[in-house]
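S.K.: heads up, no residue letters with this:
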């Protein structure tokens, strides 16, 4: 009902100062996913920005990004530390989203391949890499990683555990890793 949406959007816009983006989605699927739904811009920018460490990232509505930026910065730092990168590794960042982890570790890797199936997220990832000045170190692919073109064998694979659930059981993950 557009009059109701208009009323709610106007209330939000007039109530909260400093809002940089106000969007809405009409979801008739009866679930909480945005996939396949149009995000409608009501006011402001069609994206938001977020800063982790010394990098700023552009995020569109369908793109995945960690919701707690302070904690994400710690998580990414620990991820980089655990990867024990020496500068000689090819890193694969599976389900890269906006490329935030790929960009975060790119300064310690030989190269990074970020793979994501959400086209809007890959657009953001490429723009974020350009903005960070690391676009020559990172190749982004828009596909399911099992269908990706893998130019070289990875030395390190980064997989967000939340998205690892999409792969199923541990044995399936191990099988997929062996195929890579």
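M.R.: It's in. The shown structure was predicted, so the numbers you read here are calculated from the model rather than taken from an experiment. Numbers count the residues shown, from 1 in each chain.
S.K.: What does the pLDDT read for residue 117?
M.R.: pLDDT recorded at residue 117 is 86.
S.K.: That one and residue 83, how far apart?
M.R.: Residue 117 is 23 Å from residue 83, where distance means Cβ to Cβ, to the nearest Å. No exception for glycine: its C-beta is placed from N, CA and C like everyone else's.
S.K.: got it, and residue 25?
M.R.: Counting by Cβ to Cβ, the gap from residue 25 to residue 83 is 36 Å.
S.K.: contacting residues for the residue lying closest to residue 89 once chain neighbours are set aside?
M.R.: Leaving out its chain neighbours, the residue that sits closest to residue 89 by Cβ to Cβ, 6 or more residues apart in numbering is residue 155, at 3.5 Å. The contact partners of residue 155, taken as Cβ atoms under 8 Å, 6 or more residues apart in numbering, are 88, 89, 90, 91, 110.
S.K.: From those, pick the one nearest residue 18.
M.R.: residue 91 (36.6 Å; Cβ to Cβ).
S.K.: Sheet-wise, list the partners of the helix or strand encompassing the closest one with their directions.
M.R.: Per DSSP states H and E: residue 91 is located in strand 90-94. In the sheet, strand 90-94 lines up against strand 111-116 (parallel), strand 156-159 (parallel) (DSSP bridges).
S.K.: how far does the next helix or strand after it sit from the chain's center?
M.R.: Sequence order places helix 100-105 as the next helix or strand after strand 90-94, per DSSP H and E. Averaging C-alpha positions (Cα atoms, centre = their mean, to the nearest Å) puts helix 100-105 10 Å from its chain's average.
S.K.: what does helix 100-105 rub up against?
M.R.: So helix 100-105 is contacted by 52-53, 55, 57, 65-66, 72, 76, 79-80, 83, 85, 91, 93, 96, 112-114, 125, 128-129, 132, 134, 138, 140, 158, 160 (Cβ under 8 Å, 6+ apart).
S.K.: Buried subset of those residues as a ChimeraX selection?
M.R.: The buried residues among those can be selected in ChimeraX (16 or more other Cβ atoms under 10 Å) with this line:
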select :52,55,57,65,66,72,76,79,80,83,85,91,93,96,112,113,114,125,128,129,132,134,138,140,158,160
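S.K.: Which ones among the contacts of helix 100-105 lie within helices?
M.R.: Using DSSP state H, the subset of the contacts of helix 100-105 located in helices is 72, 76, 79, 80, 83, 125, 128, 129, 132.
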